[in-house]
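Peer 1: just a sequence and a predicted model for now, questions to come.
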Amino acid sequence: GKTGTALLDVFTATCVLWSDDNLPLAYRVGFSDAGKDEWFDWSLDPARKLVLPAGATTVVAKVADALGAESEVVQSSATATARRILFGLPEHAHPAEPELEPEHEHPAASG
């Protein structure tokens, strides 16, 4: 899984290495919230940008061909940590905290 800062870092879920004789392929990405999958609309773009809430999140994806045949749901995990924001203090007065590198690629599905 990947890590980043909740509601700040952008995760990119990418469905790669899918192939089928009946092109074009459509991709659907979402996430699991309290055991229920929440889906974004189908797209011809295999990548979807996500901003995640704090905590561990299961990212889900599926792929469909031009005839409507769909793959099984595939899953990947991501963790977004909360970042404390202090207002009214100069930059040098902020307590030291670990810096997280924003994640630019998050393969949610491959198959």
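Peer 2: Here it is on my side, so go on.

Peer 1: Phe11 touches Ala78, doesn't it?
Peer 2: Yes. When contacts are counted by CB atoms under 8 Å, Phe11 is listed as touching Ala78 (5.6 Å). Bear in mind the C-beta positions are built from the backbone N, C-alpha and C, glycine included.

Peer 1: give me the contacts around the longest strand seen in the chain.
Peer 2: Longest strand of the chain, by residue count under DSSP state E: strand 55-64. Surrounding strand 55-64, the residues in contact under the criterion CB atoms under 8 Å, 6 or more residues apart in numbering are 1, 6, 11, 13, 15, 18, 25-32, 37, 39, 42, 50, 70-80, 106, 108-109, 111.

Peer 1: dump it to PDB, keeping only the CA atoms.
Peer 2: In PDB, the C-alpha atoms belonging to strand 55-64 read as follows (Å, rounded to 0.1, in the frame of the first residue of the first chain):
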ATOM      1  CA  GLY A  55      -6.900   6.000   7.900                       C
ATOM      2  CA  ALA A  56      -6.600   2.900   6.000                       C
ATOM      3  CA  THR A  57      -8.700   2.800   2.800                       C
ATOM      4  CA  THR A  58      -9.300   0.000   0.400                       C
ATOM      5  CA  VAL A  59      -9.200   1.200  -3.200                       C
ATOM      6  CA  VAL A  60     -11.300  -0.900  -5.600                       C
ATOM      7  CA  ALA A  61     -11.300  -1.100  -9.400                       C
ATOM      8  CA  LYS A  62     -12.900  -3.100 -12.200                       C
ATOM      9  CA  VAL A  63     -12.500  -3.100 -15.900                       C
ATOM     10  CA  ALA A  64     -15.100  -3.700 -18.700                       C
END
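
Peer 1: buried residues in it, which are they?
Peer 2: Of all the residues in strand 55-64, those buried under the rule 16 or more other CB atoms under 10 Å are 57-64.

Peer 1: can I get the residues you listed in CSV with distance to Pro46 and pLDDT?
Peer 2: As requested, the buried residues of strand 55-64 are exported to CSV (distance: CB to CB, whole Å; pLDDT from 0 to 100):
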residue, distance to Pro46, pLDDT
Thr57, 20, 84
Thr58, 19, 88
Val59, 14, 89
Val60, 15, 90
Ala61, 9, 93
Lys62, 12, 94
Val63, 8, 95
Ala64, 12, 96
